[in-house]
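K.L.:
Here is my input, please return the structure:
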Amino acid sequence: MKSRICHITAALSAAIVLFCVQGSHAQETPDTIRIEVEKTVYDTLQVVDTSIIYDTVFVEQSGPYKSIGLGGGVNYPVLRFPSEMDVYFVDKNKSSIAHKPGYSVGVDLRLDWQQWSAETGLFYSRLKSDFVQTEQFWVQDTNYHYMADSTQVWNADTVDVYYQESGGDTIAIYVTDSSQYWESDSTLITDIDSTQTDSLYLHSNQYQSLDLPLILSWPFLIRDNHFFSIKAGFIGSLILKQDAIYITETGRTLFQSDMRFTGSAVLGLSREHYVGEYFGVELSATYRYHLLNEFSRLPDGLRLRAGLRYYF
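P.N.:
This is a model prediction of the structure:
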């Protein structure tokens, strides 16, 4: 700005000098030109920019956080038989047993801490299957009769005797009486008539249990309003009722167990969606593999579960 003022002042001075020189030439009178700057102008610009930024940071506690869930699901049983069972009987059982979807309902408590979660609870589970066995056997109808072969026989019986003298010799004369009878020889003849018959055996296999899970989960793909989790753990089951028939080496065998403990391993995947500040919806799919390799256990299976969760 100062340089611009100086340029303007110099230009004015040069114009004045030029004007005076032309006037002196016109009057032809020499003169002395003196330029005096009467006013100096300064342009001062002062900028003051003051910016104050406040940033509020909320620091949450590291946990653990508590939540409770209530829900239920559908169980799809899977047939699995003891490894030592013969293949023939395994195939017979598979063709005779048809599992039906069961259900489970219950409540669970979960603790979330950093990148891990642990949950336990109590669930009631019920499973059912139909045992249908068709057998073919023969029914024999036996008839007995005899074939007789008869022979006529005469039996002579001496009734009296007397003596007669002839030529100085005594001769005994016997008086006989003959009776007729028949001798029979019988032969046994057996007639057998066989008929094929089908037999149908029906039974409803039932399983009821109380499940006590201990599950660890690891969340991933965490978003603002939902996340996914991998679940793995153990389920202890108290069998309330088992009434099931299987085909073994000894034929149809009924297995009944009450108040018996069994265990299974669990692996699955879940998705949890937040609904507001205190509620959430959880969907999960888990596979259950029983650790006991025997008939007196619950069937393996896939469980699909949905539930509502409340965050404390």
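K.L.:
A strand includes E294, no?
P.N.:
No - with DSSP: H, G, I helix; E, B strand; the rest coil as the criterion, E294 is located in coil rather than a strand.
K.L.:
what's around it, how many residues?
P.N.:
When neighbours are defined as other C-beta atoms under 10 Å, E294 has 11 of them. The C-beta positions use only the backbone N, C-alpha and C, and glycine is treated the same way.
K.L.:
so what's it closest to, chain neighbours aside?
P.N.:
Nearest residue to E294, sequence neighbours excluded (C-beta to C-beta, 6 or more residues apart in numbering): P82, at 5.8 Å.
K.L.:
Angles on the backbone of that neighbour, please.
P.N.:
phi -50, psi 140 (degrees, to the nearest 10).
K.L.:
My read is that it contacts L292, right?
P.N.:
No - applying C-beta atoms under 8 Å as the test, P82 and L292 come out as separate, 9.5 Å apart.
K.L.:
what about I247, distance to L122?
P.N.:
Using C-beta to C-beta, to the nearest Å, one obtains 35 Å as the distance from I247 to L122.
K.L.:
Neighbour count: those two, which is higher?
P.N.:
In terms of neighbours (other C-beta under 10 Å), I247 is the more surrounded of I247 and L122; the figures are 22 against 12.
K.L.:
Which secondary structure element is home to the more buried one?
P.N.:
If you go by DSSP states H and E, I247 is part of strand 226-248.
K.L.:
Show me what the helix or strand following that strand pairs with in its sheet, parallel or antiparallel.
P.N.:
Read in the C-terminal direction, the helix or strand following strand 226-248 is strand 251-257, with elements assigned using DSSP H and E. The strands that strand 251-257 pairs with in its sheet are strand 226-248 (antiparallel) (by DSSP bridges).
K.L.:
for the record, mean pLDDT for the partner strand?
P.N.:
pLDDT averaged over strand 226-248 equals 91, rounded to a whole number.
K.L.:
Could I get the CA-only coordinates of it as CSV?
P.N.:
Extracted in CSV, the C-alpha atoms of strand 226-248 (Å, rounded to 0.1, in the frame of the first residue of the first chain):
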residue,chain,number,x,y,z
HIS,A,226,-25.3,-54.7,15.2
PHE,A,227,-22.4,-57.2,15.3
PHE,A,228,-21.7,-60.9,14.7
SER,A,229,-20.2,-63.4,17.2
ILE,A,230,-18.6,-66.8,17.0
LYS,A,231,-19.8,-69.1,19.8
ALA,A,232,-18.3,-72.2,21.3
GLY,A,233,-18.7,-74.0,24.6
PHE,A,234,-20.2,-76.9,26.6
ILE,A,235,-23.8,-77.9,27.5
GLY,A,236,-24.5,-80.1,30.4
SER,A,237,-27.9,-81.8,30.2
LEU,A,238,-30.0,-83.4,32.8
ILE,A,239,-32.2,-86.0,31.1
LEU,A,240,-35.7,-85.7,32.5
LYS,A,241,-37.1,-88.5,30.3
GLN,A,242,-35.8,-90.9,27.7
ASP,A,243,-38.1,-93.5,26.1
ALA,A,244,-36.6,-94.7,22.9
ILE,A,245,-36.3,-97.9,20.9
TYR,A,246,-33.3,-98.9,18.8
ILE,A,247,-32.4,-102.0,16.9
THR,A,248,-29.4,-103.8,18.3
